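Engineer: the sequence isn't on hand, but the structure is:
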């Protein structure tokens with residue numbers, strides 16, 4: 001095995017470039033704060049704080065356009081670990097996950113913890129079980145790895161088709177949330193906002209693929225972190241006199257607990273996850289924040305954590321980033337940075353929801369309708385809350401104020417009459433999270449269509465043709481997701497959880513066995529993926545249609561049935577098929593060598609000499 005001692009050089013000015021971007025965004029916010037004090041209308045503020053960063057993302061995507069295959073599909077394998085960690089974090093959390101989880105904490109309190117526990121544990125699981133070995137394999141995509149590992153074009157094709165299903169679900173969820181947030185700040189028809197958002201997302205990555213995606217995601221996640229932390233720190237200083245909201249909201253929880261008792265919010269007993277999880281429609285507060293297992297049963301709590309964890313560990317957008325770093329050690333470091341960033345966000349989300357709920361309980365619930373504060377009326381005008389009280393009622397009870405789950409995050413800056421610009425900063429952060437995750441799904445799926453569906457059937461296709469297929473598939477897949485997101489009753493958070501369950505049921509067992517069990521055969525992997533996907537999808541459809549749950553497993557955690565089905569199918573299929581040959585066993589052993597030429601690169605080199613088939 002030949003060893004690589006040189007690797008593609010990363011741009012040494014990346015830190016300077018993103019430092020300039022951060023300064024420019026901060027300057028835009030400060031300028032708009034001044035202009036707001038001078039009388040600039042809110043409509044202009046909304047358009048500038050939302051529109052200018054979006055144009056900047058599109059500009060970055062266009063500036064790093066490329067026609068090189070490796071640059072387009074794996075960013076030239078020269079993404080430094082820190083920036084790859086930013087991109088991994090953006091892929092994992094996303095706008096639908098971020099806003100939906102803040103809203104879930106607002107309604108359910110600590111019973112929403114399984115979502116963020118799953119994110120963090122999934123990153124750790126991927127870093128330990130999969131990341132170094134997939135990087136050593138060197139494939140562009142998860143189906144590409146399946147094709148290399150089992151030397152099977154059919155298994156590669158089947159895994160590619162399965163992968164598109166959760167990918168489209170996640171993309172549709174991001175588009176739906178993006179439409180909701182944009183509608184708060186940019187009054188327009190929802191259909192137009194959906195179409196405009198999709199157009200900008202496609203334009204951002206159309207010419208540069210993974211290269212454009214990497215650098216736009218880094219800029220977007222900077223905006224996400226700033227949008228979360230700036231208003232939260234400001235309110236933490238006002239309430240606790242400390243600028244550390246993640247560590248200082250314990251006193252807020254104590255006071256909020258007393259307010260919840262006074263307002264009649266207490267545990268009503270655990271119910272099924274599908275019924276307890278707040279929907280996308282306006283909902284009243286019914287549960288206390290600190291009542292652990294007050295809404296969810298212990299079984300649903302554990303099942304949701306496991307589904308989110310196993311789904312995050314094999315999320316196709318994350319696996320697509322395994323080959324973007326120069327070395328195996330680089331991908332390990334990427335996960336270290338991603339764990340730090342996602343952990344920070346995971347600590348911030350409960351604090352964000354707690355401060356929001358505390359101030360709502362303190363200043364809105366129990367107040368006579370005629371004495372609702374000015375910011376309450378502003379929230380109503382923006383469509384963030386619904387007041388259903390009667391002016392003759394003595395006070396607004398908890399059931400008479402309804403909140404939209406996915407817009408709870410935007411409420412916090414309004415509660416203390418902060419400048420309208422800070423509301424726009426939160427909106428810009430939400431849009432950035434949506435664009436980063438949606439573009440990640442789009443690029444990952446386009447790479448799969450080009451490399452794992454089109455190219456294996458057209459081995460003589462030129463690089464230019466492969467890039468054309470990838471770009472056209474972005475448009476086609478985007479239109480399918482647009483249709484799905486525009487369906488009535490579409491719930492982004494539920495769609496995200498279903499997608500994680502599908503990914504877990506389809507790929508986790510097969511991926512783990514392919515790395516850690518030498519006896520797994522191509523037929524076994526095929527049976528495992530098909531049985532896991534079939535069991536998970538069938539159970540989701542059964543329970544979504546009103547079917548009675550089996551074994552007490554909720555439909556949202558269908559992966560709890562899919563993963564065992566996949567594991568059993570892969571094992572039985574391997575036992576019924578011929579044992580792997582020595583070449584396949586040597587390949588498994590080689591994946592565990594942490595240095596040297598990747599398997600994919602070696603196959604390409606040998607194929608160029610006519611000594612091996614193209615991977």
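Structural biologist: Thanks, I have it. This structure is a prediction, so every number in the text was calculated from the model and none was measured. Numbers count the residues shown, from 1 in each chain.
Engineer: so, low pLDDT: which residues of the stretch 501-615 of the chain?
Structural biologist: The model of the stretch 501-615 of the chain has pLDDT under 70 over residues 547, 610-612.
Engineer: please enumerate the helices of it.
Structural biologist: 509-516, 522-544, 559-575, 582-591, 599-608 (DSSP state H, counting those that start in this stretch).
Engineer: can you put those in a markdown table and add distance to residue 99 and mean neighbour count?
Structural biologist: Quick note: C-beta positions are derived from backbone N, CA and C, even for glycine. Formatted as a markdown table, those follow (distance: least, CB to CB, whole Å; neighbours: other CB atoms under 10 Å):
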| stretch | distance to residue 99 | mean neighbour count |
| --- | --- | --- |
| helix 509-516 | 29 | 23 |
| helix 522-544 | 22 | 22 |
| helix 559-575 | 23 | 22 |
| helix 582-591 | 38 | 14 |
| helix 599-608 | 37 | 16 |
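Engineer: can you list those in JSON lines and add distance to residue 50?
Structural biologist: Output for those, formatted as JSON lines (distance: least, CB to CB, whole Å):
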{"stretch": "helix 509-516", "distance to residue 50": "39"}
{"stretch": "helix 522-544", "distance to residue 50": "34"}
{"stretch": "helix 559-575", "distance to residue 50": "35"}
{"stretch": "helix 582-591", "distance to residue 50": "45"}
{"stretch": "helix 599-608", "distance to residue 50": "41"}
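Engineer: out of these, which gets nearest to residue 13?
Structural biologist: Judged by CB to CB, the one of those that comes nearest to residue 13 is helix 599-608, at 27.5 Å.
Engineer: list of residues touching that closest one?
Structural biologist: For helix 599-608, the surrounding residues in contact (CB atoms under 8 Å, 6 or more residues apart in numbering) are 1-2, 136-140, 144, 148, 323, 587, 590-591, 597, 612-615.
Engineer: what helix or strand is residue 471 on?
Structural biologist: helix 463-485 (DSSP states H and E).
Engineer: how far does that helix sit from the chain's center?
Structural biologist: Centroid separation for helix 463-485 versus its chain: 20 Å, with CA atoms, centre = their mean, to the nearest Å.
Engineer: on that earlier part again, which one of the helices of the stretch 501-615 of the chain lies nearest to residue 403?
Structural biologist: Among those, the nearest to residue 403 by CB to CB is helix 522-544 (24.6 Å).
Engineer: and the next helix or strand past the top helix by length along the chain?
Structural biologist: In the chain, with assignment by DSSP state H, the single longest helix is helix 328-363. Next helix or strand after helix 328-363 toward the C-terminus (DSSP H and E): helix 374-381.
Engineer: please name every helix or strand in contact with that next one.
Structural biologist: strand 385-387 (3 or more CB pairs under 8 Å, 6 or more residues apart in numbering; DSSP states H and E).
Engineer: how about the strand it packs on: buried residues?
Structural biologist: Under the neighbour-count criterion of 16 or more other CB atoms under 10 Å, strand 385-387 has 385-386 buried.
Engineer: name the element residue 22 belongs to?
Structural biologist: Residue 22 belongs to helix 14-37 when assigned by DSSP H and E.
Engineer: and the contacts of that helix?
Structural biologist: Counting by CB under 8 Å, 6+ apart, 11, 40, 45, 48-49, 52-53, 56, 80, 83, 218-219, 222-223, 226, 419-421, 424-425 sit against helix 14-37.
Engineer: could you pull out the buried residues of the helix or strand following that helix?
Structural biologist: Remark: after helix 14-37, the chain's next helix or strand is helix 42-63, criterion DSSP H and E. Using 16+ other CB under 10 Å as the test for burial, helix 42-63 gives 45-46, 48-50, 53-54, 56-58, 60-61.
Engineer: which residues touch the next helix or strand after helix 42-63?
Structural biologist: Heading C-terminal from helix 42-63, the first helix or strand you meet, by DSSP H and E, is helix 69-74. Outside helix 69-74, the residues within contact range by CB under 8 Å, 6+ apart are 66, 76-77, 140, 208-211, 323-324, 447, 450-451, 463, 466-467, 470.
Engineer: next helix or strand past helix 69-74?
Structural biologist: Using DSSP H and E, the next helix or strand after helix 69-74 towards the C-terminus is helix 81-108.
Engineer: does anything pack onto that following helix? Which helices or strands?
Structural biologist: Applying 3+ CB pairs under 8 Å, 6+ apart, we find helix 81-108 packed against helix 113-129, helix 153-185, helix 209-240, helix 316-319, helix 328-363, strand 401-403, helix 420-448, helix 492-503.
Engineer: comparing these, which gets the lowest mean pLDDT score?
Structural biologist: When those are compared by mean pLDDT, strand 401-403 comes last with a mean of 85.
Engineer: strands paired with it, and their directions?
Structural biologist: With DSSP bridges as the test, strand 401-403 is paired with strand 283-284 (antiparallel), strand 385-387 (antiparallel).
Engineer: using JSON lines, lay out those strands together with distance to residue 89 and mean pLDDT.
Structural biologist: Formatted as JSON lines, the strands paired with strand 401-403 follow (distance: least, CB to CB, whole Å; pLDDT from 0 to 100):
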{"stretch": "strand 283-284", "distance to residue 89": "29", "mean pLDDT": "83"}
{"stretch": "strand 385-387", "distance to residue 89": "30", "mean pLDDT": "81"}
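Engineer: which one of the ones you listed lies closest to residue 119?
Structural biologist: Among the strands paired with strand 401-403, if distance is taken as CB to CB, the winner is strand 283-284, at 23.6 Å.
Engineer: for residue 453, give me its contacts.
Structural biologist: Taking CB under 8 Å, 6+ apart, we find residue 453 in contact with 157, 160-161.
Engineer: check contacts around residue 146.
Structural biologist: Counting by CB under 8 Å, 6+ apart, residue 146 touches 152, 155-156, 159, 510, 514, 525.
Engineer: which one of the residues you listed is nearest residue 96?
Structural biologist: Among the contacts of residue 146, residue 159 lies closest to residue 96 (CB to CB), at 24.4 Å.
Engineer: how close does that closest one get to residue 37?
Structural biologist: Distance from residue 159 to residue 37, counting by CB to CB, to the nearest Å: 56 Å.
Engineer: neighbour count: those two, which is higher?
Structural biologist: A direct count of neighbours by other CB atoms under 10 Å for residue 159 and residue 37 places residue 159 higher, at 30 against 10.
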